[in-house]
Structure formats: structure tokens, C-alpha cells
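Engineer: Any chance you can model this:
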Amino acid sequence: MNYKYRLYLPLIMIFSMTGCSPIHNSIGPDRMESDLRGQVEAPLDVAIGETPICVVENIIPSPQKPIVRIPAPYNAKLYFLLDQTVFSPESEQESKEVYQTLLKRNDSKIIISGHTDTSASDAYNEALSQRRARKVRQDLIDLGISADVINISSEGEHRLLVSTPDETVEVLNRRVEIDVR
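Structural biologist: Below is the predicted model:
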């Protein structure tokens, strides 16, 4: 008996709470509001497709704002002849493409960092890397890019692309890196 009591008691409770409710018959297809609603609130106008509980409002879409696309970061490396601020023949050709790409992008920040190999003293390499970065900066300014968006740094022989001992000539370390974000 205890088992049947536990099974039927919740069902009887649910039926008595919902099935026998007097409000159940007060609103129906022939009646849009209950007597109680009329006493408490102002009359309710219901349009086609709406219910007395949830009024669907006509939402006027706002005009779409244009999506601003930020260009992807851009990186380039241009290489130099030994102990000079003159591009290698391959980088001379590549520099024209890099410069045109930078002109088309119209970025707000361009970072140019000059580098050297380890074939000279630290002080000399620092100055040479500075001259290389200034050369590329001036090239970009001459093409019409604002000087305000160009930042330069000189790394000397401190950030080598190819790790080498002192007094070593390495083409890949004689470079300027252009980073655009």
C-alpha cells in the first residue's frame, strides 16, 4: 500500500492543482480576457497573431552600420650588401613590391627595425643598423607615407636571424624588418 500511495499522491496533487482550477474556464477562444483582468488593468486590445500575455511589437530595423575591417598584420624583410645601406639585388626588386603594398594598406603604424651581422664592433653595428632603418623610412616618406606613422629602431647585432659567432659575415642578418599592425 505504501508503494501505491507514493505513486498516486503526486498525480492527485498535480491534477487537483491544475485540472480543477476555476480560472481555466474564464479565458478561452470566445473570451479574450478574464473578469479579474478587467477589474485590475485597463482593457486589453489583442491583434491577430498576438496573445493576451505576450504582445508582439513591430520592430523597425535600424540601418546597418558599415563593418570596419582591420587589415591583417604585414611583415617583410629586406636584405643589404655587406657594410652598406644598399639593398641586395633581390631585395632591391622586392622593396618595390613591399613599398607598394604599404602604400595601398594605409596603415596607422609601421615599425622598421634595422639589423646587422656580427662582422664589426657592437658600436659600429648599432650605427649601421640605424642608418639602414633610416634609409627605408626615408624611402617610404618619399613615396608619400606620413612620417608620423613610421617608427624606427636599431637592433645592431643583438637579434640575429641566424645565430653566428663574432666577426662572422651572414647575409640573412643584414636586414631591415618591416612590421605593420
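Engineer: Is the most centrally placed residue in the chain in a helix, a strand, or coil?
Structural biologist: For the chain, Ile70 is the residue whose C-alpha lies nearest the centre (CA atoms, centre = their mean; 7.4 Å). Under DSSP: H, G, I helix; E, B strand; the rest coil, the three-state class of Ile70 is coil.
Engineer: roughly how far apart are it and Gly144?
Structural biologist: 22 Å (CB to CB, to the nearest Å). Using the backbone N, CA and C atoms, a C-beta is placed for each residue, glycine as well.
Engineer: quick one, helices of the chain?
Structural biologist: With DSSP state H as the criterion, the chain has helices at 2-18, 35-40, 89-105, 122-143.
Engineer: what stretches of this structure score poorly on pLDDT?
Structural biologist: 1-5, 15-60 (pLDDT under 70).
Engineer: domain assignment for it?
Structural biologist: By the assignment in automatic domain parsing, the chain contains the domains 1-60, 74-180.
Engineer: For the closest residue to Asp122 other than its chain neighbours, name its beta-bridge partners.
Structural biologist: Spatial nearest neighbour of Asp122, chain neighbours left out: Gly156 (6.2 Å); criterion: CB to CB, 6 or more residues apart in numbering. Under DSSP bridges, the beta-bridge partners of Gly156 are His115.
Engineer: Arg174 - how many residues pack around it?
Structural biologist: 27 (other CB atoms under 10 Å).
Engineer: Ignoring the adjacent residues along the chain, who's closest to it?
Structural biologist: Phe80 (4.6 Å).
Engineer: I'd say that neighbour and Val86 touch.
Structural biologist: Yes. Using CB atoms under 8 Å, Phe80 makes contact with Val86 at a distance of 6.5 Å.
Engineer: Between those two, which is the more surrounded one?
Structural biologist: Phe80 (26 against 13).
Engineer: beta partners for that one?
Structural biologist: Under the criterion used (DSSP bridges), Phe80 bridges to Phe87.
Engineer: Please renumber the chain so that the first residue is 15 from this point on.
Structural biologist: Will do, 15 is the new start, and the previous item becomes Phe94.
Engineer: ok, now how distant is it from Glu106?
Structural biologist: Taking CB to CB, one finds Phe94 at 10 Å from Glu106.
Engineer: Now for the nearest residue to Val185 once chain neighbours are set aside: which residues touch it?
Structural biologist: In space, and not counting its chain neighbours, Val185 is closest to Tyr93: 6.1 Å by CB to CB, 6+ apart. Neighbouring residues of Tyr93 by CB atoms under 8 Å, 6 or more residues apart in numbering: Phe101, Ser102, Glu104, Ser105, Val185, Leu186, Arg188, Arg189.
Engineer: Of the helices of the chain, flag the one that's most buried.
Structural biologist: helix 136-157 (a mean of 18; mean count of other CB atoms under 10 Å).
Engineer: For Asp131, give its distance to Val194.
Structural biologist: 25 Å.
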